[in-house]
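Trainee: Quick one: sequence plus predicted model below, questions after.
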Amino acid sequence: MNNFRATLQFIYGAMVSILLAALALPAAAIDLKNADGSWTFSLNGNVNVDYIWSSCEDASSAVSVGGGLTCVGTASGSNVSNIGNGLLPAAFVFGVATTQAGIDITGHLGLYPGIATNDGGSPNLQAGTSNGSSNTALGTTGLDVRQVYMTFGNKSMGTFTLGRQIGLFGADAILNDMTLPGVGAPGSAASAAPSNTTLGGIGWGYIYTDWLAQIDYTTPDISGFSFTVGVFDPLNSLTEPADATVEPKKAPGFHGKVSFTLPFSDTAKLYASVAGLSQKQNYDSLSLGTYDYTGNAVDVFVKLDISNLEVFGYYYHGTGVGTTALFLLGAYNGQTRKSDGYLAQATYKFGALKVGVQYGESKLDYANSADQGANPSLLQSNRKGTVGFYYSLTDNLTLLAEGSETKSYAHVAGPNGDHNSGTTINAGAFFKF
């Protein structure tokens, strides 16, 4: 259990930084051109800070939920306060673009600093001290470099993307999550060692898309349709048996996406997408011998914009990919577990104020009866509801407040049996540039 908690602590910090263009940011805050205009250099990003208060499940009533994301208090109390980044860390994204021989070429580098005190050399791998906390005096924060990629192409040939960039599966869910500039579920912000990001809706309706080393091709627009196919560097499982040794991958991972946009008018449109991935895991274990399994996942996303109203629905289903993060709890002794989940959201703008509600659930099934016998308290589902208020004080500065209720259920007593409950309230500011 301690190893699993350590894994979750890593997940809480490591899983989130999102491509800022997806936040519907304006064109880069700074565009610089050379003398003849053939090269453009750009900079955009954000700085965000929230006060985050969580009421966690009381330690005396908490139940064991293997993979549960609801926070649990300690003997000294169940309330936790934190000042930190939300679902996004701060970000400074640099770009360079040119057109040569009729081909548009770009390069991008994303730097993501946080404000959590951390001496581990990484903003997400907490160093820890003898008292179990990295948030101590004389510390510093870390810099997360997780985005570097290039593109080339044009409107007639399509576009190639090569480098470390956001994945395809699960991307539309997180990029449209209303808590992206806010907090959502607290994650490690409700722990003694907060990292640079919260969970938002990750693990509460969708699996984190992650940043992948990849080579993709996207077609030109075809009557509203767009197709992307590609390969990515395989990810190792986060929760294999302790005696298992990862083998070199025999093939890359594969992913793809098809999207469709249908405008009804200047103020109304429909967007839909289907994305999926497939990747094989290869391990050598003293107890199991050499074994492998394949993780497959597919999702469906539909969003409708009508003037100031925006609603969307999202669903995913996976085998061997697990929950919360890719390949977390995806298998038991080489036998795959099934997982699925959904997220529903609606927002409406009243002038400068946007009000939103969302509800999501992520579920996980046993691999077989042996899994059930060995892990009776395995996660059955993580469920979360959030209400958010986002006020545009200026074009670039948003003040926000959110409230979230979370529940994590164990299989041991069925879907309405043993569970932990938590409440999080946050207020802060998000400055985009």
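Mentor: Ah, there it is.

Trainee: contacting residues for Leu262?
Mentor: Contact partners of Leu262, counting by Cβ atoms under 8 Å, 6 or more residues apart in numbering, are 224, 269-271. Yep, even glycine has a C-beta here, placed from its N, CA and C like the rest.

Trainee: Name the member of those residues with the most neighbours.
Mentor: Neighbour counts for the contacts of Leu262 peak at Tyr271, which has 18 neighbours (criterion: other Cβ atoms under 10 Å).

Trainee: Would you mind confirming that that one makes contact with Val258?
Mentor: No - under the criterion of Cβ atoms under 8 Å, Tyr271 is not in contact with Val258, lying 12.0 Å apart.

Trainee: The protein: helices as residue ranges?
Mentor: With helices called from DSSP state H, the chain shows them at 2-14, 171-175, 369-374.

Trainee: would TSV of the contacts of Leu262 with distance to Gln372 be doable?
Mentor: Below are the contacts of Leu262 laid out as TSV (distance: Cβ to Cβ, whole Å):
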residue	distance to Gln372
Gly224	46
Lys269	46
Leu270	42
Tyr271	40
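
Trainee: Let me know the closest of those to Trp211.
Mentor: Using Cβ to Cβ, Tyr271 comes nearest to Trp211 of the contacts of Leu262, at 23.0 Å.

Trainee: what residue lies at the spatial centre of the chain?
Mentor: The chain has Tyr208 as the residue nearest its centroid, 3.6 Å off, counting by Cα atoms, centre = their mean.

Trainee: measure that residue to Ser307 for me?
Mentor: Look at Tyr208 and Ser307: by Cβ to Cβ, to the nearest Å, they are 32 Å apart.

Trainee: same check, this time on Arg383
Mentor: Note on Arg383: its distance to Ser307, by Cβ to Cβ, is 31 Å.

Trainee: Show me where the stretch 101-250 of the chain dips below the pLDDT cut-off.
Mentor: Where the stretch 101-250 of the chain drops to pLDDT under 70, the residues are 119-134.

Trainee: how about the strands in it?
Mentor: Here the stretch 101-250 of the chain has its strands, by DSSP state E, counting those that start in this stretch, at 103-113, 143-154, 158-166, 211-218, 225-232, 244-246.

Trainee: okay if I get these as a markdown table plus mean neighbour count and distance to Asn176?
Mentor: Below are the strands of the stretch 101-250 of the chain laid out as a markdown table (neighbours: other Cβ atoms under 10 Å; distance: least, Cβ to Cβ, whole Å):
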| stretch | mean neighbour count | distance to Asn176 |
| --- | --- | --- |
| strand 103-113 | 18 | 19 |
| strand 143-154 | 17 | 19 |
| strand 158-166 | 19 | 13 |
| strand 211-218 | 20 | 18 |
| strand 225-232 | 17 | 17 |
| strand 244-246 | 14 | 34 |
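
Trainee: Quick one, which of those gets closest to Gly373.
Mentor: With respect to Gly373, and counting by Cβ to Cβ, the nearest of those is strand 244-246 at 19.8 Å.

Trainee: Any chance you could list what contacts that closest one?
Mentor: Strand 244-246 is contacted by residues 236-237, 240, 282-285, 288 when judged by Cβ under 8 Å, 6+ apart.

Trainee: Mind checking which of the residues you listed are buried?
Mentor: Burial by neighbour count, 16 or more other Cβ atoms under 10 Å: within the contacts of strand 244-246 this picks out 237, 240, 282-283, 285.

Trainee: ok, those residues vs Ile115, which is closest?
Mentor: Within those, proximity to Ile115 (Cβ to Cβ) peaks at Ser237, which comes in at 31.3 Å.

Trainee: My read is that that closest one contacts Leu326, right?
Mentor: No - using Cβ under 8 Å, Ser237 is not in contact with Leu326; the gap is 9.0 Å.

Trainee: What is the end-to-end distance of stretch 367-386?
Mentor: End-to-end distance for stretch 367-386: 31 Å, by Cα to Cα, to the nearest Å.

Trainee: And stretch 74-89, by the same measure?
Mentor: 27 Å.

Trainee: let's number from 33 now, not from 1
Mentor: Right, with 33 as the first residue, what we last looked at is stretch 106-121.

Trainee: From the chain's centroid, how far away is it?
Mentor: 19 Å (Cα atoms, centre = their mean, to the nearest Å).

Trainee: For His210, grab the count of nearby residues.
Mentor: Actually, residue 210 is Met. It isn't His. Number of residues near Met210 (other Cβ under 10 Å) recorded here: 25.

Trainee: To clarify, my last question referred to Phe73.
Mentor: 14.

Trainee: With Asn66 as the reference, measure out to it.
Mentor: From Phe73 across to Asn66, the span is 8 Å (Cβ to Cβ).

Trainee: again, but for Pro226
Mentor: Here Pro226 is placed at a distance of 43 Å from Asn66 (Cβ to Cβ).

Trainee: neighbour-wise, which of the two wins?
Mentor: The neighbour count for Pro226 versus Asn66, taken as other Cβ under 10 Å, is higher for Pro226 (29 against 10).

Trainee: surely the more buried one meets Asn167?
Mentor: Yes - counting by Cβ under 8 Å, Pro226 touches Asn167, with 6.5 Å between them.

Trainee: got any residues that touch both of those two?
Mentor: Contact with both Pro226 and Asn167 is made by residues Ala148, according to Cβ under 8 Å, 6+ apart.

Trainee: just to revisit the earlier point, can I get the strands of the stretch 133-282 of the chain in a markdown table including distance to Leu385?
Mentor: Formatted as a markdown table, these follow (distance: least, Cβ to Cβ, whole Å):
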| stretch | distance to Leu385 |
| --- | --- |
| strand 135-145 | 28 |
| strand 175-186 | 31 |
| strand 190-198 | 29 |
| strand 243-250 | 33 |
| strand 257-264 | 33 |
| strand 276-278 | 49 |
